[in-house]
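Visitor: got a structure for you, letters missing:
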């Protein structure tokens with residue numbers, strides 16, 4: 001009985017939208033009901049095994065129910081969607097044929113038979129529709145492409161959007177008149193354009209959608225607008241919308257975005273303007289780190305900010321907090337810079353060696369050479385720098401090598417290397 005009721009509940013709503021799915025639901029309920037009754041009666045003839053047989057029956061029925069219910073639900077949903085889309089396409093096609101048959105004179109049909117072209121001055125029988133283009137298809141059949149109601153375009157577009165067929169969804173959504181565009185359509189058009197790397201068009205759609213919805217639920221939209229501005233290189237506008245996102249949502253990502261973009265502005269602005277940007281970066285990243293103490297990316301950006309402010313103690317604290325949770329290579333590279341600037345050359349040498357054991361990196365090897373140099377270990381410094389220069393004529397490796405020879409008193413060798421480095425910098429190729 002519960003099994004039949006379950007399928008009955010599935011079947012009733014399906015009947016309203018898709019008769020085929022309803023029939024499947026009712027038929028399945030009857031079959032399983034009959035199966036249950038049949039299997040239940042048989043064990044009564046074998047009293048000694050009745051209890052075991054009953055147990056097996058209900059286990060089998062339970063397994064069937066678990067498997068069958070989701071499958072039937074999926075069939076019903078898919079049938080409904082296909083029925084809706086087929087109905088809309090049928091309306092479009094019927095409209096085209098209706099206008100084709102009712103508007104063109106028989107004489108004109110014969111003249112255009114077999115041609116494929118667009119005609120602007122065609123004599124028609126009856127009134128011409130206010131919207132649409134007259135055309136002749138490949139088979140010579142006269143037809144007219146009539147703009148259907150915007151709701152139909154939205155329905156078909158939404159169907160393809162849910163199916164992740166973006167190009168088809170875009171095609172139907174674009175047919176909707178501007179004054180009939182709704183928030184969800186604008187947002188989806190923005191998504192399609194954004195993932196196609198058409199950021200200017202995406203921004204236009206997102207901004208129009210934002211006019212529809214400036215409520216507290218629009219944080220994902222302000223974030224999308226910020227992303228578009230960032231991709232277009234307009235960092236100040238991007239920061240503005242990321243801050244709006246923060247004001248209505250405590251999501252981690254806008255804090256990270258504001259911190260990174262403020263750092264970029266700090267690097268590009270004049271000295272008198274740059275201080276405010278690095279301070280803003282610090283403030284938002286610190287707030288993000290408070291809200292999300294386990295997030296590695298925010299703390300990694302904080303390290304860079306502290307380094308820019310020469311706050312090595314705070315940078316070291318952030319680096320150690322990250323490394324307590326995960327052995328992150330990028331953080332370890334920043335740690336080599338911190339230890340070098342703090343004059344902790346032994347610690348720096350150990351980390352550089354560990355990193356080089358994992359993966360060769362010329363910049364890390366140059367840092368290792370610099371640490372040897374600062375400790376007065378000139379021979380070891382030359383060995384590391386020569387390893388870099390064997391692979392390529394690295395400008396910075398040349399400078400460091402010249403410094404080593406200068407401290408060894410070999411001024412001629414230092415001058416020779418510096419001359420080579422200047423030539424290398426003027427013509428890096």
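Guide: Perfect, thanks for sending it. Because the structure is a prediction, the values reported are computed rather than measured.

Visitor: what packs against the helix or strand harbouring residue 275?
Guide: Assigned by DSSP states H and E, residue 275 belongs to helix 271-291. If you count contacts as 3 or more CB pairs under 8 Å, 6 or more residues apart in numbering; DSSP states H and E, helix 271-291 packs onto helix 252-268, helix 296-308. From N, CA and C alone the C-beta is placed, and that goes for glycine too.

Visitor: and the ones you listed: which comes nearest residue 196?
Guide: With respect to residue 196, and counting by CB to CB, the nearest of these is helix 252-268 at 21.7 Å.

Visitor: circling back: quick one, the helix holding residue 275 and helix 296-308 angle?
Guide: Here the directions of helix 271-291 and helix 296-308 differ by 150 degrees (axes from the mean of the first three to the mean of the last three CA atoms, to 10 degrees).

Visitor: what about the strands in this protein?
Guide: For the chain, applying DSSP state E gives strands covering 133-136, 142-145.

Visitor: weakest of these in terms of mean pLDDT?
Guide: Lowest mean pLDDT of these: strand 142-145, a mean of 42.

Visitor: thinking again about what came up before, could I get the helices and strands packed on helix 271-291 as JSON lines with distance to residue 178?
Guide: Shown next, in JSON lines, are the helices and strands packed on helix 271-291 (distance: least, CB to CB, whole Å):
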{"stretch": "helix 252-268", "distance to residue 178": "30"}
{"stretch": "helix 296-308", "distance to residue 178": "40"}
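
Visitor: make a markdown table out of those and add distance to residue 356, mean pLDDT and mean neighbour count.
Guide: Listed next are the helices and strands packed on helix 271-291 as a markdown table, based on distance: least, CB to CB, whole Å; pLDDT from 0 to 100; neighbours: other CB atoms under 10 Å:
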| stretch | distance to residue 356 | mean pLDDT | mean neighbour count |
| --- | --- | --- | --- |
| helix 252-268 | 28 | 87 | 21 |
| helix 296-308 | 21 | 90 | 21 |
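
Visitor: buried set for the helix holding residue 275?
Guide: Neighbour counts over helix 271-291 (16 or more other CB atoms under 10 Å) mark 274, 277, 278, 280, 281, 282, 284, 285, 286, 287, 288, 289 as buried.

Visitor: what do you get for stretch 366-378?
Guide: For stretch 366-378, by 16+ other CB under 10 Å, it's 366, 367, 368, 369, 370, 371, 372, 373, 377, 378.

Visitor: what comes into contact with it?
Guide: 336-337, 340, 343, 345-346, 348-349, 352-353, 356, 380-382, 384-385, 388, 394, 396-397, 400, 403-404, 407-408 (CB atoms under 8 Å, 6 or more residues apart in numbering).

Visitor: next, the distance between the ends of stretch 210-219.
Guide: The straight-line separation of the ends of stretch 210-219 (CA to CA, to the nearest Å) is 10 Å.

Visitor: residue 66: neighbour count?
Guide: 9 (other CB atoms under 10 Å).

Visitor: same check on the one 4 residues further on?
Guide: Residue 70 sits with 9 neighbouring residues when counted by other CB under 10 Å.

Visitor: next: residue 412.
Guide: Neighbours around residue 412, by other CB under 10 Å: 8.

Visitor: for it, which residues are in contact?
Guide: Here residue 412 is in contact with no residue (CB under 8 Å, 6+ apart).

Visitor: how close does it get to residue 402?
Guide: Applying CB to CB, to the nearest Å, the value for residue 412 to residue 402 is 11 Å.

Visitor: ok so, going back, got a list of contacts for the helix holding residue 275?
Guide: 239, 246, 250, 252, 255-256, 258-260, 262-263, 265-267, 269, 295, 298-299, 301-302, 305-306, 308-309.

Visitor: residue contacts, residue 351?
Guide: 332, 335, 336, 339.

Visitor: quick one: contacts for the closest residue to it other than its chain neighbours?
Guide: Counting by CB to CB, 6 or more residues apart in numbering, the nearest residue to residue 351 once its immediate chain neighbours are dropped is residue 336, at 5.3 Å. The neighbourhood of residue 336, defined by CB under 8 Å, 6+ apart, consists of 348, 351, 352, 355, 364, 367.

Visitor: which non-adjacent residue is nearest the third one?
Guide: Right, residue 352. residue 368 (4.0 Å).

Visitor: roughly how far does the residue lying closest to residue 231 once chain neighbours are set aside sit from residue 237?
Guide: Spatial nearest neighbour of residue 231, excluding adjacent residues (CB to CB, 6+ apart): residue 199 at 4.5 Å. Distance check for residue 199 against residue 237: by CB to CB, it reads 12 Å.

Visitor: settle it for me: which of the two has more neighbours?
Guide: More neighbours surround residue 199 than the other of residue 199 and residue 237, with 19 against 16 (other CB under 10 Å).
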